[in-house]
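Give me the fold of what follows.
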Amino acid sequence: QVQLVESGGGLVQPGGSLTLSCAASGIIFSIYSMAWYRQAPGKERELVAGITSHGITNYAEYADSAKGRFTISRDNGKKAVYLQMNSLKPEDTAVYYCYVRTGAMDYWGKGTLITVSS
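As a prediction, this is how the structure comes out:
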């Protein structure tokens, strides 16, 4: 059974940093692209960042709102994907979800809340 478990959320002041972690189980982690999504109150879920699984070189993509501030990375040995977030803004407040698609199946973690507020 596929499980994605996020951690690392919390309250942070504007301009601060956080790193989210997602631990995966039940899949051959190294062969799948992974992604982080977020959903702010009253808004639709949106892609924040994704990372491929192409061997030694992993390619990442980012939402415009995340470019230059967020970095996605993965550790295939630990079956984990990370999201380093810097220069956080109040508009980054949201529940952040880890996501993977395996074949025709989509899997989501339960999410971790990030609140950016002074």
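
Closest to the centroid, which residue in the chain?
For the chain, Trp36 is the residue whose C-alpha lies nearest the centre (CA atoms, centre = their mean; 2.8 Å).

That one sits in which helix or strand?
Counting by DSSP states H and E, the element that carries Trp36 is strand 34-39.

quick check: angle from the helix or strand following that strand to strand 34-39?
Reading on from strand 34-39 to the C-terminus, the next helix or strand found by DSSP H and E is strand 46-51. Here strand 46-51 runs at an angle of 160 degrees relative to strand 34-39 (axes from the mean of the first three to the mean of the last three CA atoms, to 10 degrees).

Show me what the host helix or strand of Ala24 packs onto, helices and strands only.
In this assignment (DSSP H and E), Ala24 forms part of strand 18-25. Under the contact criterion of 3 or more CB pairs under 8 Å, 6 or more residues apart in numbering; DSSP states H and E, strand 18-25 touches strand 3-7, strand 34-39, strand 80-85, strand 94-102, strand 112-116. Just so you know, the C-beta spots here come from the backbone N, C-alpha and C atoms, and that holds for glycine as well.

switch to 6 Å and redo it
Contacts defined by 3 or more CB pairs under 6 Å, 6 or more residues apart in numbering; DSSP states H and E place strand 18-25 against strand 3-7, strand 80-85.

Any chance of a markdown table for those strands, columns mean neighbour count and distance to Thr52?
Listed next are the helices and strands packed on strand 18-25 as a markdown table, based on neighbours: other CB atoms under 10 Å; distance: least, CB to CB, whole Å:
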| stretch | mean neighbour count | distance to Thr52 |
| --- | --- | --- |
| strand 3-7 | 17 | 17 |
| strand 80-85 | 23 | 11 |
